[in-house]
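**Q** need coordinates for the following:
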Amino acid sequence: MPAGRSARNVGKGHWTRNREQAVITAVDFVTVNVADQERAKRFYTDVLGFELLTDVPMGEPDGSKWIEVRPPGTQTKLVLFHAPNETGAMAPFVLITDDIATTCGQLKSAGVEIVDEAAIAPWGSWWAQIKDSEGNSLGLTQAADDA
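**A** Alright, predicted model coming up:
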């Protein structure tokens, strides 16, 4: 643990921290596995409207790249990670929209596969599910009282 930082084990699986210490304030990035980074970049920027932040080689000029995108006005980035044998799963994030029904309609018109149409989920939030260009499932949500 870095100097000046302390944590102590206060029981099985429980940790505490000194109240004067800094706390985690945000998530920097999450990754989504993609087979084709260029196709995924086009999907997330052109179809979903994300901003392209970084697009640089990770080693060999013709090899994998480090590609970061994010929804406009947000802090957390999404890294389009080249892992062609690990696509097609549920993404480890859920996207928020102001109007889930309109968003799903626009995405459907753009050719995006809608897995679950927008509806109130059993847990009380709006929910829809789409597929990205790589076959990954992406959750969409909207607060129930925003509908």
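
**Q** are we agreed that residue 30 is in a helix?
**A** No - looking at residue 30 with DSSP: H, G, I helix; E, B strand; the rest coil, it is strand, so not inside a helix.

**Q** which SSE is the closest residue to it other than its chain neighbours in?
**A** Spatially, and ignoring its direct neighbours in sequence, residue 30 is nearest to residue 93 (5.0 Å; Cβ to Cβ, 6 or more residues apart in numbering). From N, CA and C alone the C-beta is placed, and that goes for glycine too. Residue 93 belongs to strand 90-96 when assigned by DSSP states H and E.

**Q** was I right to think residue 44 contacts residue 79?
**A** No - the pair residue 44 / residue 79 is not scored as a contact, 10.7 Å apart, by Cβ atoms under 8 Å.

**Q** how many other residues sit next to residue 90?
**A** A total of 11 residues lie near residue 90 under the criterion other Cβ atoms under 10 Å.

**Q** okay, it: pLDDT?
**A** With respect to pLDDT, residue 90 scores 97.

**Q** before we move on, what about residue 143?
**A** 66.

**Q** contacting residues around residue 97?
**A** Residue 97 is in contact with 103, 140-142, counting by Cβ atoms under 8 Å, 6 or more residues apart in numbering.

**Q** if I look at the residue nearest to residue 30, how far off is residue 32?
**A** 8 Å (Cβ to Cβ, to the nearest Å).

**Q** what's the overlap in contacts for those two?
**A** Shared contacts of residue 93 and residue 32 (Cβ under 8 Å, 6+ apart): residue 78.

**Q** mind jotting down where the strands sit in the protein?
**A** Counting by DSSP state E, the segments of the chain that form strands are 7-11, 14-17, 29-34, 51-57, 65-70, 77-82, 90-96, 114-120, 126-131, 137-142.
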